[in-house]
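1. one predicted model, sequence on top.
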Amino acid sequence: MKKHPAKQPDDVAPDDAALFRAAVGTVKPLPEQGRITSQHAPRKISRRPGVSPPALPDTLSDFAAENAPDEYLSNGLSRMALRKLRRGTWPVQDSLDLHGNNSDAARKLLQGFLHEAMQRELRCVLVIHGKGLNSQGGEAVLRKLTRHWLTQHPRVLGYCDAPPQEGGSGAVLVLLKTGT
C-alpha cells in the first residue's frame, strides 16, 4: 500500500478554495472597539541570592468564615457588575489553584496572588479552591475560607461562582479594583 504525504495547509486546491469562499460568503471584520487584548504571562523577576522578597502583612481573618456568601458585591456597585462578571464580560487574566493547601498556606498564597494582580493591574482573576469532595467529612473548608477572605480584601469589588468549564462552584471569579 502506497502512502501519500499529508496535504499541507498551503497546498489548497483552487476548487477547494472556491468552494470555501462560496460557502462562507462575504465576511465583515469585527470592529476594533471593545476588544480586550490578552495579557502576557508576567516576567520572572530575578532576585539576588540571599535576598528574600518583602513580606506581605497578613490582614485576612478566619473568624466567622461560616457566613461567607456565594456571591459578593462591594458597597456602591450595581448588581449589573455582578451580572457582567457572571457573563464573562471581563476575561480571566490569571488564576490561582489552592488545592492541597492548608488554610494558613492558602491564605498566604491568596494574599500574595492578589497583591501581584494589583501590581499588574489585572481586572478579573480566577481562584480555584475546590469543592471539598476529597476533604474529611466532604466539607469545603477552603471554599468557605477563600470567599470569606475575598470579602475582607480592600481591592476585591465582587466575586461569583466560575462558569462550569472553569470549575463551577469549586472556583470563584474575582473582580478587582484597578488603579489607585
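-> Sure thing, it's come through.
2. the longest helix belonging to the chain packs against which elements?
-> For the chain, the helix reaching the highest residue count under DSSP state H is reported as helix 103-119. Packing partners of helix 103-119 (3 or more C-beta pairs under 8 Å, 6 or more residues apart in numbering; DSSP states H and E): strand 94-97, strand 124-128, helix 141-152, strand 171-176. C-beta: built from backbone N, CA, C; applies to glycine.
3. could you point out the helix or strand that follows the third one?
-> It stands for helix 141-152. strand 156-161 (DSSP states H and E).
4. for this structure, give me the ranges with low pLDDT.
-> Within the chain, the ranges that satisfy pLDDT under 70 run 1-10, 34-68, 133-138, 180.
5. grab the most central residue of it for me.
-> For the chain, residue 126 is the residue whose C-alpha lies nearest the centre (C-alpha atoms, centre = their mean; 2.5 Å).
6. what angle do strand 124-128 and the longest helix of the chain make with each other?
-> On the basis of axes from the mean of the first three to the mean of the last three C-alpha atoms, to 10 degrees, helix 103-119 is oriented at 170 degrees to strand 124-128.
7. list the buried residues in helix 103-119.
-> Under the neighbour-count criterion of 16 or more other C-beta atoms under 10 Å, helix 103-119 has 103, 106, 107, 110, 111, 113, 114, 117, 118 buried.
8. repeat that for stretch 18-34.
-> Buried residues in stretch 18-34, counted by 16+ other C-beta under 10 Å: none are found.
9. okay, the angle between the longest helix of the chain and strand 171-176?
-> Using the same axes, to 10 degrees: helix 103-119 against strand 171-176 is 40 degrees.
10. which residues does the helix or strand where residue 22 lies contact?
-> Using DSSP H and E, residue 22 falls within helix 14-24. Outside helix 14-24, no residue is within contact range by C-beta atoms under 8 Å, 6 or more residues apart in numbering.
11. what about that helix, distance to the chain center?
-> Relative to its chain's centre, helix 14-24 lies at 39 Å (C-alpha atoms, centre = their mean, to the nearest Å).
12. returning to that earlier point: highest average neighbour count across the helices and strands packed on helix 103-119?
-> strand 171-176 (a mean of 24; mean count of other C-beta atoms under 10 Å).
13. about what we covered before: just want the angle from the longest helix of the chain to helix 141-152.
-> 40 degrees.
14. tell me what angle helix 103-119 forms with strand 156-161.
-> Using the same axes, to 10 degrees: helix 103-119 against strand 156-161 is 120 degrees.
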